[in-house]
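Colleague: Have a look at this prediction, sequence included:
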Amino acid sequence: MVQKSRLDDVAVTKYLQTCDIPVEEFKMEPFTLVIFGGTGDLSRKKLLPALYHLSQKNELPEHFSILSLGGSQLEEEQYRALIERALRGSEEVCFSEEKWAGFRRHLFYLSGNLEEEGTYQRLCSRLDQMVVPTQEGRKDVVYYMALPPQTTPTVVNLLHGHGLCRGPLDTKIIVEKPFGKDLSSAAQLNRLLTGAFDERQIYRIDHYLGKETVQNIIFFRFSNSIFEQIWNHRYIDNVQITVAEDMGIDSRARFYEQAGVIRDIVQNHILQLIGLIAMEPPVGFEADFIRDEKTKVFRSLHPMREEKVDRFTVIGQYGPGKINGKEVPGYRQEKGISTDSNTATFFAGAFYIANWRWAGVPFYVRTGKRMTRRITEIAIQFDQPPLKLFGRTCDVLEPNLLLLTIQPEEKISLRFGVKVPRMANQIYPIDMKFSYQETFQAPPSPAYERLVLDCLKGDLTLFVRQDQIEAMWEAVDPIISCWENQPPKNFPNYAAGTWGPAEASQLLEQEGRRWITD
Ligand code: BG6
C-alpha cells in the first residue's frame, strides 16, 4: 500500500514544475534569545542584522525578546543605539525607520562580567520577567554563544550551576565555531555541553551550511542522475575548493591570533564543503541521515603524516599590498598584531578520501585573507578524453569543469569545448550557466537567518554533530601541530591582493594541474 502511494506521488510530480519535500506547517511561538557577547563583531555584523531582517519580513512571532549580555557598561538605550548604528551601516540590511521602531522594543541589554555568579542571578530574574510562555505553556529560551571559544565553557558551567539549562525553561544552545582548538579540547567542550544539555538541545553552528548555494549541493547531486553516474574517481580528475577573502581581520586580532586560518576556515567551512561533495546518498532527508553520511567522509579522510605536511600543504601570511587599487597593510601591521606574529592567514593543501568512490582523487583546498578578490567556489574537474583526436593545437584541451560558485555571485556552470566556426580544429571552452539571481530574481537568503529560524523550529539538519567535529579535528590536528612546531621563516610570503604564496601554485603544478578559480 505504502509502495503504491509512493509510485502515485512520483507520477504526479512528473507533471509539476517543482517538487516539494513535504514540510510541516510550523507556527512560530514566543521565544527569548539570550546573546552572550551581544556587543561583539558577530552580533553586530551578522546576528542582529539577520534577526532584524526576519522581523522585517514578519517571520518572527508577535512575542519575542532578544536579551544581549556583554561586558560593556551600557544602558539599554545606549545598546539599542549601538545596534541601530550597526544596522544602518550594514550592507545586508535595508534599513526602515518604521521597522526599526518596532524591532527595538524587542531588544534588551544586561551588562555584566560573564565569569561572575551575580550576572547569572540577574539573568535569572530578567528571564523571569520577560519570558512569555507558548500556547502549551513552554518557556522557550535560546542561548547564543557569540563569544571567543575560550569563554564558552565558563558560561555553560555557570548556566548549568544556576539551573538555567534543563528544568523550568525549555532551552537550546547555539555554539559558534571553532569548537575547541583541537581534538582533545573539542571532546572536553562536548563533555561539558552534554553534561549541561541534552544532545537535542545543542546546535553547533557552521554558517556555511546555512548558505543557499551550499544547501543546493545536496539537491543538485541527488536530484540529477546525469551527474551522479560520473561523480567518482573513474571520471573526476580532481576537486578544488577556494574560499578566498579580500578582507583582512577587521577588529578580530585577538581571536585570529589564537585561531589562524586552519582553525578558522579549514577545520569547519572547507571540510563541510568536502563532506557535501563527497558524501554518499543519504537514506532519507532527515538530519541524522545526512549527518551520518558526512561523518563517514570525515572519517575516511586520509590522515596526513607529519613528514607529508610539508609536501601536501602550504601556509602563508599576507604582507602589505593593494586591493581594488587601495593600499592595505600587512598582517603584522594590523591593529593588535605583533610585528613578529607567525599566525598563518593562508592555507592550501591536498586532501584524499580513502573510500571506493574517491580513492586517488585529490581534493585541493585553498583559503586566505586579503586575496585578490572574494570568491568561494568548488571546481570539479573531469578527466580528459582517452584519445587525442584533434591535431597539435589541441594537445592540451581545457578540461570539462563543473563550477559551483557559492559567492559572491551564486551560480552553477558547466564548461565544455565547442568547435570554433570556420576555423580548422579550433576548440573553444564555453560555460553553460545557471544563476540564482537571473532564474529566481532574488538573492538567496542570508545564512544566519535560515539557521536561527531552523533552531527556533528545532530542525538540526544544518547543524554539526559532535562526531563530525571530532573527525574534522582529527584531519587537521597533525597539520596544525606540524606547522606550529616549525613555523616558516619566510613570513610574510604573499602580498595582499594576490592569490597567495607561489608554493600554492606549485602544489598543483608538480602534479600537472593548475588552480581553476582566478
Ligand atoms: C567566519 C570566519 O567563520 O567566516 C571569518 O571566522 C570569515 O574569518 C568568515 O571572514 C567568512 O564568511 P563568509 O560568509 O563571508 O564567507
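Modeller: Thanks, I have the structure now.
Colleague: use CA for all of it now, contacts and neighbours both
Modeller: Fine.
Colleague: so how far is stretch 63-73 off the chain centroid?
Modeller: 25 Å (CA atoms, centre = their mean, to the nearest Å).
Colleague: before we move on, what about stretch 479-489?
Modeller: For stretch 479-489, the distance to the chain centre is 25 Å (CA atoms, centre = their mean).
Colleague: List the contacts of it.
Modeller: 262, 304, 306, 309, 342 (CA atoms under 8 Å, 6 or more residues apart in numbering).
Colleague: Repeat the analysis, applying 10 Å as the threshold.
Modeller: 182, 260-263, 303-310, 312-317, 342-344, 349, 473, 478 (CA atoms under 10 Å, 6 or more residues apart in numbering).
Colleague: Not including adjacent chain positions, what is the nearest residue to the residue positioned nearest the centre of the chain?
Modeller: Closest residue to the average C-alpha location of the chain: residue 208 at 2.2 Å, with CA atoms, centre = their mean. Spatially, and ignoring its direct neighbours in sequence, residue 208 is nearest to residue 269 (5.9 Å; CA to CA, 6 or more residues apart in numbering).
Colleague: Let me know the secondary structure of that neighbour.
Modeller: helix (DSSP: H, G, I helix; E, B strand; the rest coil).
Colleague: Test my guess that residue 190 contacts residue 466.
Modeller: Yes: at 7.2 Å, residue 190 counts as touching residue 466 under the criterion of CA atoms under 10 Å.
Colleague: Overlap in contacts, these two.
Modeller: 179, 199, 202.
Colleague: tell me the SS of the nearest residue to the last one once chain neighbours are set aside?
Modeller: For residue 202, the nearest residue in space outside its immediate sequence neighbours is residue 173; the separation is 5.2 Å by CA to CA, 6+ apart. When the structure is split into helix, strand and coil by three-state DSSP, residue 173 lands in strand.
Colleague: For the stretch 251-400 of the chain, just list every one of the strands.
Modeller: Taking DSSP state E, counting those that start in this stretch as the criterion, the stretch 251-400 of the chain carries its strands at 313-316, 318-319, 321-323, 326-328, 346-351, 363-368, 375-382.
Colleague: what about residue 334, neighbour count?
Modeller: 17 (other CA atoms under 10 Å).
Colleague: Report the contact partners of it.
Modeller: Residue 334 is in contact with 248-251, 253, 320, 328, counting by CA under 10 Å, 6+ apart.
Colleague: Next, give me the two most distant ones among the residues you listed.
Modeller: 251 and 320 (17.4 Å; CA to CA).
Colleague: List the buried residues of the lengthiest helix in the chain.
Modeller: Longest helix of the chain, by residue count under DSSP state H: helix 466-485. Buried residues in helix 466-485, counting neighbours by 16 or more other CA atoms under 10 Å, are found at 466-480, 482-483.
Colleague: And the next helix or strand past it?
Modeller: strand 494-495 (DSSP states H and E).
Colleague: hang on, the earlier thing: between strand 346-351 and the longest helix of the chain, find me the angle.
Modeller: Interaxial angle, helix 466-485 versus strand 346-351 (axes from the mean of the first three to the mean of the last three CA atoms, to 10 degrees): 120 degrees.
Colleague: which intervals of this structure have sub-threshold pLDDT?
Modeller: Residues of the chain that meet the criterion pLDDT under 70 lie in 1-25, 391-396.
Colleague: domain assignment for it?
Modeller: 31-176, 209-445+465-509 (automatic domain parsing).
Colleague: Would you reformat these as TSV and include distance to residue 515?
Modeller: Listed next are these as TSV, based on distance: least, CA to CA, whole Å:
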stretch	distance to residue 515
domain 31-176	30
domain 209-445+465-509	7
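Colleague: Which stretch among those approaches residue 454 most closely?
Modeller: The closest of those to residue 454 is domain 209-445+465-509. By CA to CA, the value is 9.4 Å.
Colleague: ok, and what's touching stretch 161-168?
Modeller: Contacts of stretch 161-168 (CA under 10 Å, 6+ apart): 117, 120-121, 123-124, 127, 138-143, 155-160, 169-173, 193, 195-198, 201.
Colleague: The helix or strand containing residue 80 - contacts with which helices or strands?
Modeller: Assigned by DSSP H and E, residue 80 falls within helix 76-89. On a contact count with 3 or more CA pairs under 10 Å, 6 or more residues apart in numbering; DSSP states H and E, helix 76-89 meets helix 48-56, strand 64-70, helix 97-103, strand 107-111.
Colleague: gap between that helix and the chain center?
Modeller: How far helix 76-89 lies from its chain's middle: 26 Å, per CA atoms, centre = their mean.
Colleague: Please apply the same query to stretch 366-384.
Modeller: Its chain's C-alpha centre and that of stretch 366-384 lie 15 Å apart, by CA atoms, centre = their mean.
Colleague: so how far does that stretch reach from one end to the other?
Modeller: The straight-line separation of the ends of stretch 366-384 (CA to CA, to the nearest Å) is 23 Å.
Colleague: Same question for it: list its buried residues.
Modeller: Under the neighbour-count criterion of 16+ other CA under 10 Å, stretch 366-384 has 366-382 buried.
Colleague: With stretch 458-465 instead?
Modeller: Neighbour-count burial for stretch 458-465 flags 459-465 (criterion: 16+ other CA under 10 Å).
Colleague: out of those residues, who's nearest residue 390?
Modeller: Residue 390 has its nearest neighbour among the buried residues of stretch 458-465 in residue 462, at 46.8 Å by CA to CA.
Colleague: Just confirm the closest one contacts residue 215, I think it does.
Modeller: Yes: because the distance of 8.5 Å satisfies CA under 10 Å, residue 462 is recorded as touching residue 215.
Colleague: Now do the shared contacts for those two.
Modeller: Here residue 462 and residue 215 have 208-209 as joint contacts, going by CA under 10 Å, 6+ apart.
Colleague: I'd assumed residue 380 was in contact with residue 516.
Modeller: Yes: between residue 516 and residue 380 there is a contact under CA under 10 Å: 9.3 Å.
Colleague: Now the common contact residues for these two.
Modeller: Counting by CA under 10 Å, 6+ apart, the shared contacts of residue 516 and residue 380 are 239-241, 401, 403.
Colleague: Which one (most neighbours) among the residues you listed?
Modeller: residue 241 (26 neighbours).
Colleague: Help me confirm that that residue comes into contact with residue 347.
Modeller: No: the pair residue 241 / residue 347 is not scored as a contact, 11.6 Å apart, by CA under 10 Å.
Colleague: anything in contact with each of these two?
Modeller: 365-367.
Colleague: taking the buried residues of stretch 458-465 one by one, which sit in strands?
Modeller: Nothing among those maps onto strands, per DSSP state E.
Colleague: which one of those residues is nearest residue 186?
Modeller: Closest to residue 186, out of all of the buried residues of stretch 458-465 and judged by CA to CA, is residue 465, at 11.8 Å.
Colleague: That closest one is in contact with residue 289, isn't it?
Modeller: No: the pair residue 465 and residue 289 fails to qualify as a contact (CA under 10 Å) at a distance of 11.5 Å.
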